[in-house]
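Q: I'll drop the sequence and a predicted model, then ask my questions.
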Amino acid sequence: MIRVQREDFDVGAEIAALSAGNHAVGGVAVFIGLVRDMADEEAIGAMTLEHYPGMTEAMLERIEAEATDRWPLKATLIIHRFGRLEPGERIVLVATASAHRQAAFEACEFLVDWLKTKAPFWKLEEKSSGAEWVTAKASDDKAAARWGTPDSAPQDSTTDSDAAE
Amino acid sequence: MIRVQREDFDVGAEIAALSAGNHAVGGVAVFIGLVRDMADEEAIGAMTLEHYPGMTEAMLERIEAEATDRWPLKATLIIHRFGRLEPGERIVLVATASAHRQAAFEACEFLVDWLKTKAPFWKLEEKSSGAEWVTAKASDDKAAARWGTPDSAPQDSTTDSDAAE
Amino acid sequence: MKLLYFAWLKTRTGVAEEDVTPPPEVATVAELLAWLQTRGPGYAEALADLSALRVAVNQEYAVPSDPVGPSDEVALFPPVTGG
Amino acid sequence: MKLLYFAWLKTRTGVAEEDVTPPPEVATVAELLAWLQTRGPGYAEALADLSALRVAVNQEYAVPSDPVGPSDEVALFPPVTGG
């Protein structure tokens, strides 16, 4: 399941719902992304996440379908927020449920890597020097590349820096 | 932080507490292990987790310290339950918080792999054919081995099957 | 043709969304971008470095040789930074 | 010396915990296991396959050559299966 929303989400309830009633699930892997108060050694007051409604949902669904094709998953969940978020706030939740932990972990990392390089979100950071659009990271492209090529035309490697995540 | 307890835990509250007040955390990776209703194609009514009080806590603390040495983590949490658990119930929670997702994911997998091969827990499964102690899995030893040798004498590879997790 | 701009593409062009009618010889993504660059200084600046640009046609990532037509929704944006 | 048994080691020996006084020539883990095997059919059966056995001395994993003494806590158990 995928959701794109402005509001926060209930981590415990979402994770519990993922395996509720399915006793074939032996492991759930989860990633939660949070707003940090620093970027490239500069303080961040807040950030605003812009996205491309319609395409965002389509891409997340495609990414999720790809994970389900590649690993024996019982359930998956991606929730991605948009709008203005302050340090400490949750941005994204990615969760995968499988009989075994290896599939759950791999699929979760895959989803995060692909989401970071394919889902149409952009971060505008509020710094003391002014608002600044975050540039894509070569390290994210590299992380996504280890999973091989998607069937859909991917975003590729023309990115600016290899700084922090 | 590590906890060994009979009672269940609140996944959402535990994960939130891990990064509460620390806005240097950019990613939290989580693993939740659940009781499955099948093992080696036989139905499981329930399982009982036995452990070695004292040594369990010492080993979990050592495993956690090792992860903190190897990765730049802001916080870690291991909660492992013991006693009788039914299918669908939570067994273990492992969570790692870091500035960046890669450290969080790697450390989380490391903790689960080491926990499975070093923490003194044993599972007794209730099957229709009777109660049966779960045998250790070669696949778990292999998973743990990829992280290299610990400084403490490890459990090693004399295990029975390479079946399910 | 409907055009959408996101992130700094929107800031630099000053436009979030617009309906345009390119000349009939504009038949591909590459030709559309070349035409857009001629539409004023904001566009010229926003589209100066095509390697920093991503294009989606009807919400699918597109390459320069992909066709575009009057009924398409074309989005221009920098490499994504979500997650 | 305090001995602890877990999982099927406990079931087969019929003992969870006991205090023993091995003969003075028992100075290592290996010698302790050999002596325990002589203590009755339950022990002989439980300790028949030493490769299926793990030993901890004072809550640390031990190898056969590690020393054991009267004040030690020695635990015998199968390979662990938690997580």
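A: Noted; the coordinates are in hand. Everything quoted here is computed from the prediction, not taken from an experiment. Numbering: from 1, shown residues only, chains lettered A, B, ... in the order given.

Q: Which of the helices and strands in chain A ranks last by mean pLDDT?
A: Lowest on mean pLDDT, DSSP states H and E among the helices and strands of chain A sits strand A:38-39, with a mean of 86.

Q: and whichever helix or strand comes after that one, does that touch chain B?
A: The C-terminal neighbour of strand A:38-39 among helices and strands, as given by DSSP states H and E, is strand A:42-43. No. Strand A:42-43 stays clear of chain B (CB under 8 Å from any CB of the partner chain), getting no nearer than 9.9 Å. For the C-beta atoms, the positions are set from N, CA and C on the backbone; glycine is no exception.

Q: Mind listing the strands strand A:42-43 pairs with, and their directions?
A: Using DSSP bridges, the strands paired with strand A:42-43 are strand A:38-39 (antiparallel).

Q: got a list of contacts for the partner strand?
A: A:44, A:125, A:127, A:134, A:164, B:23-24 (CB atoms under 8 Å, 6 or more residues apart in numbering or on different chains).

Q: Just these: which are in strands?
A: Assigned to strands by DSSP state E, the following of those qualify: A:125, A:127.

Q: Between the two ends of stretch A:90-105, how far is it?
A: 20 Å (CA to CA, to the nearest Å).

Q: from the middle of its chain, how far away would it be?
A: 12 Å (CA atoms, centre = their mean, to the nearest Å).

Q: Check stretch A:114-127 too.
A: For stretch A:114-127 - counting by CA atoms, centre = their mean - the centre lies 9 Å from the chain centre.

Q: ok, that stretch near chain C or not?
A: Yes. Counting by CB under 8 Å from any CB, chain C is contacted by stretch A:114-127 at A:115-124.

Q: Which residue lies closest in space to residue 22, excluding its sequence neighbours?
A: Defaulting to chain A. The shortest distance from A:Asn22 to any non-neighbouring residue, by CB to CB, 6 or more residues apart in numbering or on different chains, is to A:Lys74 (5.5 Å).

Q: Chain C is the one I meant
A: Nearest in space to C:Pro22, with sequence neighbours left out and distances taken as CB to CB, 6+ apart, is C:Trp35 at 5.2 Å.

Q: Then A:Ala20?
A: Once flanking residues are discounted, A:Ala20 sits nearest to B:Gly88: 7.9 Å by CB to CB, 6+ apart.

Q: Could I get the contacting residues of that neighbour?
A: If you count contacts by CB under 8 Å, 6+ apart, B:Gly88 has them with A:19-23, B:34-35, B:37.

Q: from what I can see C:Pro67 touches C:Glu31, true?
A: No. C:Pro67 is beyond contact range of C:Glu31, at 9.7 Å (criterion: CB atoms under 8 Å).

Q: Which one's more surrounded, these two?
A: Counted by other CB atoms under 10 Å in any protein chain shown, C:Pro67 and C:Glu31 do not tie: C:Glu31 has more neighbours, with 17 against 12.

Q: Wait, a helix at the more buried one?
A: Yes. Counting by DSSP: H, G, I helix; E, B strand; the rest coil, C:Glu31 is located in a helix.

Q: Test my guess that it contacts C:Glu25.
A: Yes. Shown here, C:Glu31 and C:Glu25 form a contact pair, counting by CB under 8 Å, at 7.0 Å.

Q: check contacts around the residue nearest to C:Val68 when sequence neighbours are not counted.
A: Spatial nearest neighbour of C:Val68, chain neighbours left out: C:Leu32 (5.3 Å); criterion: CB to CB, 6+ apart. C:Leu32 makes contact with C:1, C:22, C:26, C:68, C:74 under the criterion CB under 8 Å, 6+ apart.

Q: Among these, which lie within strands?
A: Among the contacts of C:Leu32, the residues falling in strands (DSSP E) are C:Val74.

Q: Check what pLDDT the residue in chain A that chain D sits nearest to gets.
A: At 8.2 Å from chain D, A:Arg101 is the closest residue in chain A, using CB to the nearest CB. For A:Arg101, the model assigns a pLDDT of 96.

Q: how about the nearest residue to it, chain neighbours excluded?
A: Ranked by CB to CB, 6+ apart and with sequence neighbours excluded, the top spatial neighbour of A:Arg101 is A:Gly27, at 3.9 Å.

Q: tell me which element the closest residue to A:Asp10 other than its chain neighbours is part of?
A: Leaving aside its chain neighbours, A:Asp10 sits nearest to B:Gly12 (6.2 Å; criterion: CB to CB, 6+ apart). Secondary structure from DSSP H and E places B:Gly12 in helix B:11-19.

Q: returning to that earlier point: next, the residue nearest to C:Pro22: secondary structure please.
A: helix.

Q: Make JSON lines out of the contacts of C:Leu32 and add neighbour count and pLDDT.
A: Formatted as JSON lines, the contacts of C:Leu32 follow (neighbours: other CB atoms under 10 Å in any protein chain shown; pLDDT from 0 to 100):
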{"residue": "C:Met1", "neighbour count": "17", "pLDDT": "97"}
{"residue": "C:Pro22", "neighbour count": "19", "pLDDT": "97"}
{"residue": "C:Val26", "neighbour count": "20", "pLDDT": "97"}
{"residue": "C:Val68", "neighbour count": "22", "pLDDT": "98"}
{"residue": "C:Val74", "neighbour count": "24", "pLDDT": "98"}
